[in-house]
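Enquirer: Make a model of this:
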Amino acid sequence: MIENSTKIRGIIVGGSGMIGGALVHHFNTCCPNNIEVLSPNSKKMSLAVAEDIERYTNKWKPDFIINSAIAAIDCDPQLAYTINYIGSINLAKVALKLDIPYIFISSAAVLPSGNRLREEETLTLDETLSNYAKSKLMCELTLRHMHEQEGLDFTAIRLAIVYGKHDHKTQGFHRLLYSIADQAMPLFLTARGVKHSYSNAKKVPLFVHHTLQNRTEFTGQAYNFVDPEPVELVHLIQTIKNFLGVTKPRNIFLPLHVAKFGAKCLNILLKELLKIGIDTKMPAELLFLNQFYENQTLDSERLRNSSFKDPCPEATIFTKLPEIIQYYISRWEQRNLISGFNDEFFVPREDVQQFINKPQSLLKEIHDGGFTPFSNFSGLEKKEKSSKNGLPPA
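Expert: This next block holds a predicted model:
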């Protein structure tokens, strides 16, 4: 157990993603003197190459492994199978061999539509599932099998629609926010009363840390890690519209059969464009079009009854919306992905305004010493000079 160790090492796979990045940040800031985390990229350790996994884990001998890596939800079957399933289970095999905990970040994609779905109410594994759902469900089932048959110490943490900052891929909830900010959603692609569960990205590392500290309680278990109350999609979109001061989507609801027809036409168009050399993909969200029109709310009773205590129970998607909108609107404007929100959301500093409008004046002021935007790096100490000159030969 973590609390009995003076210094332990963990490997976080998928550290460049939203959840993985939050995990890396948490362990690096909360307890750097007690826990060291490594987050290899695919060049150092590819989940598609078993030899990479063996070489890396054999070198660093981790005390725990957290897997938050996923292949894209719209990827081809081979990649989904290789990364989401084989790679994830190979990590579990390593954890079993080293007799260490394995934390697997899973998804509500393994659950059907419905209300207050409990952890055991998963979909039936068959060929009709999406590649993403199929691979995630197979992984959960194999982890369960390894726990029961071989004693694997694992915990599966199942997330619903994730919200938070630092999602640089613009997917899920943040894709919805982007569509509204960019005025690319003219009508409601949902129906009144449709509700979904949401997961706070900032709280996930706290729960992961707690499960590592209390293995006896959490081993062999899956948890729906979601906010207690589900959210109506229409209410959420209306709230975002009010924050942004935009008019779209208009209060017209597109029926599901019409939305499906439009998606089918778009798919045909994309295939025709491919024939003339224009390669593009169907928006990933349209792969889950049915979910926009169906409830999927997760029961969090098992989480509430556990020893984990939510440090901020009042935090919800609605309480976090102002800072999330501020963060993403500023980011998207800086990258010229959207426009029209500068006055309200992104007011450049005075020197940035000079950089935009009077770069010569700014440069002269800096060179003359009237303004210094640089650091003096007062904390750096000089390295003693070696008697050798230059670099050693290659």
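
Enquirer: Could you check the pLDDT of residue 91?
Expert: The per-residue pLDDT reported for residue 91 equals 95.

Enquirer: which helices and strands does the helix or strand harbouring it pack with?
Expert: Using DSSP states H and E, residue 91 falls within helix 88-98. Taking 3 or more C-beta pairs under 8 Å, 6 or more residues apart in numbering; DSSP states H and E as the contact definition, the neighbouring helices and strands of helix 88-98 are helix 50-60, strand 64-67, strand 102-107, helix 131-150. Backbone N, C-alpha and C define where each C-beta goes, glycine included.

Enquirer: if we go to 6 Å?
Expert: Contacts defined by 3 or more C-beta pairs under 6 Å, 6 or more residues apart in numbering; DSSP states H and E place helix 88-98 against helix 50-60, strand 64-67, helix 131-150.

Enquirer: Can you give me the neighbour number for residue 331?
Expert: Other residues near residue 331 number 17, with proximity taken as other C-beta atoms under 10 Å.

Enquirer: Model confidence for it, exactly?
Expert: Residue 331 is assigned a pLDDT of 81 by the prediction.

Enquirer: Helix, strand, or coil at it?
Expert: Each residue gets one of three states, and residue 331 gets helix by DSSP: H, G, I helix; E, B strand; the rest coil.

Enquirer: about what we covered before: the helix holding residue 91: how far from the chain's middle?
Expert: For helix 88-98, the distance from its own C-alpha centre to the chain's C-alpha centre is 22 Å (C-alpha atoms, centre = their mean, to the nearest Å).

Enquirer: what does that helix rub up against?
Expert: Applying C-beta atoms under 6 Å, 6 or more residues apart in numbering, the external contacts of helix 88-98 come out as 50, 53, 57, 65, 67, 102, 139, 142, 143, 150, 152.

Enquirer: Of the residues you listed, just say which sits nearest to residue 338.
Expert: Nearest to residue 338 among these: residue 67, at 33.5 Å, using C-beta to C-beta.

Enquirer: quick one: least confident helix or strand in the protein?
Expert: For the chain, counting by mean pLDDT, DSSP states H and E, helix 342-345 ranks last in confidence among helices and strands (a mean of 51).

Enquirer: In PDB, list the C-alpha atoms belonging to the helix or strand following that one.
Expert: For helix 342-345, the following helix or strand on the C-terminal side (DSSP H and E) is helix 350-357. Written as PDB, here are the backbone C-alpha positions of helix 350-357 (Å, rounded to 0.1, in the frame of the first residue of the first chain):
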ATOM      1  CA  GLU A 350      -0.700  45.900 -23.200                       C
ATOM      2  CA  ASP A 351       2.500  44.400 -24.600                       C
ATOM      3  CA  VAL A 352       0.600  41.800 -26.600                       C
ATOM      4  CA  GLN A 353      -1.500  44.700 -28.100                       C
ATOM      5  CA  GLN A 354       1.800  46.400 -29.000                       C
ATOM      6  CA  PHE A 355       3.000  43.100 -30.500                       C
ATOM      7  CA  ILE A 356      -0.100  43.100 -32.700                       C
ATOM      8  CA  ASN A 357      -0.200  46.800 -33.600                       C
END
